[in-house]
Every structure is written in structure tokens, then in C-alpha cells.
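S.K.: Based on what follows, work out the 3D shape:
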Amino acid sequence: MDMDKICKRVIKHYGVINQLNKACEEINELKNEIDVPSDKQNKQRIVDEIADVSIMVYQIILITENIIRDFDINEDGIDTRVDFKLSRLERRMDGLE
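M.R.: Residues are numbered from 1 along each chain as shown. This is a model prediction of the structure:
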């Protein structure tokens, strides 16, 4: 599937504010599934909610492209920050931070 094309169409169709609200809703639904004791049905719902949140995160990236560009951050900038945060987590676990 062409996530970029579909997500851009969704944002145009439903609007930025609606999709940002939808992102919060999907994140909350994932949180609620994680909070519930695990069973087989729950695991499938968690997978479904992770998929929903992944789609919404992509939409947030599309929506905030201009903001990111204003800060002179390209797509690699997000990956760089993810790498930084993962490295920091690892240092914390190793007692170096």
C-alpha cells in the first residue's frame, strides 16, 4: 500500500485538526489495551492498535513537515533523534548517565 498517498488523502479529506485529535484517540486506545491483563484477544487488539498508532504517527509527520523544515530538520533528523534517545537509554541502563 502507498501509505504516503493514502495518508495525504486522509489529511486533506478529514482535516488537520481532526487527524491530530484522531492520533490522540488512537494513542489512548493503545494505552488502554496495554493496561489490560494479557490474553489472546488482547494481543490481537494490541497489534491492531499499534498499526493504528503507526499510521497516525506517519500522519503527524506529514502534518508537521513544514514545522520540521522551519527548524532545518530533514527526514534524517527524526532518525538522528531516535538514535540519540536510544543511545541515551542504553547509557542509562549501563549506569553511565
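S.K.: Run a quick neighbour tally on E49.
M.R.: 19 (other C-beta atoms under 10 Å). The way it works is simple: take the backbone N, C-alpha and C, and place the C-beta from them, glycine included.
S.K.: same question but for D79, I mixed them up
M.R.: For D79, the neighbour count with other C-beta under 10 Å is 10.
S.K.: same thing with the one 3 residues further on?
M.R.: V82: 10 surrounding residues under other C-beta under 10 Å.
S.K.: Check C7 too.
M.R.: Based on other C-beta under 10 Å, the number of other residues close to C7 is 19.
S.K.: From I46, how far out is it?
M.R.: Distance of C7 to I46, computed by C-beta to C-beta, to the nearest Å: 22 Å.
S.K.: and if you look at L96?
M.R.: 32 Å.
S.K.: Repeat that for T64.
M.R.: In terms of C-beta to C-beta, T64 sits 26 Å off from I46.
S.K.: again with L86
M.R.: Where I46 is concerned, L86 sits at a distance of 22 Å (C-beta to C-beta).
S.K.: And these two? Which one has more around it.
M.R.: Legend: neighbour count by other C-beta under 10 Å for L86 and I46, higher for I46 (15 against 10).
S.K.: domains for the chain, by residue range?
M.R.: Domain segmentation of the chain under automatic domain parsing yields 3-63, 73-97.
S.K.: need these in JSON lines with mean pLDDT, can you?
M.R.: Shown next, in JSON lines, are the domains of the chain (pLDDT from 0 to 100):
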{"stretch": "domain 3-63", "mean pLDDT": "93"}
{"stretch": "domain 73-97", "mean pLDDT": "84"}
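S.K.: So which of the ones you listed is the most surrounded?
M.R.: Highest mean neighbour count of the domains of the chain: domain 3-63, a mean of 14 (counted as mean count of other C-beta atoms under 10 Å).
S.K.: Next, the distance between the ends of that domain.
M.R.: 14 Å (C-alpha to C-alpha, to the nearest Å).
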